[in-house]
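> coordinates only, sequence not included:
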């Protein structure tokens, strides 16, 4: 079995790679530090078929105040968090075999408001919506896609100041291996277009979206 992981050099990415190798996968690691830019559509054209793709690359903006957000911060977050998923799914849909799976690392920020980083919240809501929306057409070609929505994790993206603020507010931080287990749970499930929540002290949980009122 073969797999790829984007953002593989980060804390969560490294944990996903380790988990998949333990489970017997041959893993291709893709990360900016090793020369792969998820925001570059041309780079994706060199990616071939795998049985499992974990689209994990993601960044924070570092801007809590929307008035102070720079164009560069905004474009980088959109590029990595949204373009990196869309370009990846577009390419993988063309090359993955029937029965394969794509798992996207979204965030709890894709299900709730995130006042501390509004653009990060925007991008992760976009990712969850994209996964839910694209799932039916991928299913026609027997490819599943899932989103995993972890809470804040203790990684290099979490600054000391932000980490201390979270702890002061009573939040527990996930460890990277917790998120890797959530990725695995989403992969092993039989569903598609789902969101799996990963929170400290809990097993990965399938999120139930509330329906909207229908027409009268």
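Received the coordinates, thanks. This one's a predicted model, so the numbers in the text were calculated from it and none came from an experiment.
> after the one helix or strand in the chain whose mean pLDDT sits lowest, next one along is what?
Ranked by mean pLDDT, DSSP states H and E, the weakest helix or strand in the chain is helix 160-168, scoring a mean of 69. Along the chain past helix 160-168, the next helix or strand (assigned with DSSP states H and E) turns out to be helix 176-188.
> give me the contact list for that following helix.
Helix 176-188 is contacted by residues 11-12, 14-16, 18-19, 23, 52, 54, 56, 101, 103, 105, 146-148, 150, 153-155, 194, 196-198, 200, 203-204 when judged by Cβ atoms under 8 Å, 6 or more residues apart in numbering. Heads up, the C-betas are built off the backbone N, CA and C, glycines and all.
> before we move on, what about stretch 17-32?
When contacts are defined by Cβ under 8 Å, 6+ apart, stretch 17-32 is touched by residues 1-10, 13, 36, 38, 47, 50-52, 54, 57, 177, 180-181, 183-184.
> recalculate using a threshold of 6 Å.
Residues from elsewhere that reach stretch 17-32, judged by Cβ atoms under 6 Å, 6 or more residues apart in numbering: 1, 2, 3, 4, 5, 6, 7, 8, 9, 36, 180, 184.
> OK, contacts around residue 132?
residue 193.
> so it lies in a helix, does it not?
Yes - if the criterion is DSSP: H, G, I helix; E, B strand; the rest coil, then residue 132 is within a helix.
> just to revisit the earlier point, the contacts of helix 176-188, buried ones only, as a PyMOL selection?
Applying 16 or more other Cβ atoms under 10 Å to the contacts of helix 176-188 leaves a buried subset, and the PyMOL line that selects it is:
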select buried, resi 11+12+14+15+16+19+52+54+56+101+103+105+146+147+148+150+153+154+155+194+196+197+198+204
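> how about low-confidence regions in the protein?
Low-confidence regions of the chain, defined by pLDDT under 70, span residues 156-163, 165-166.
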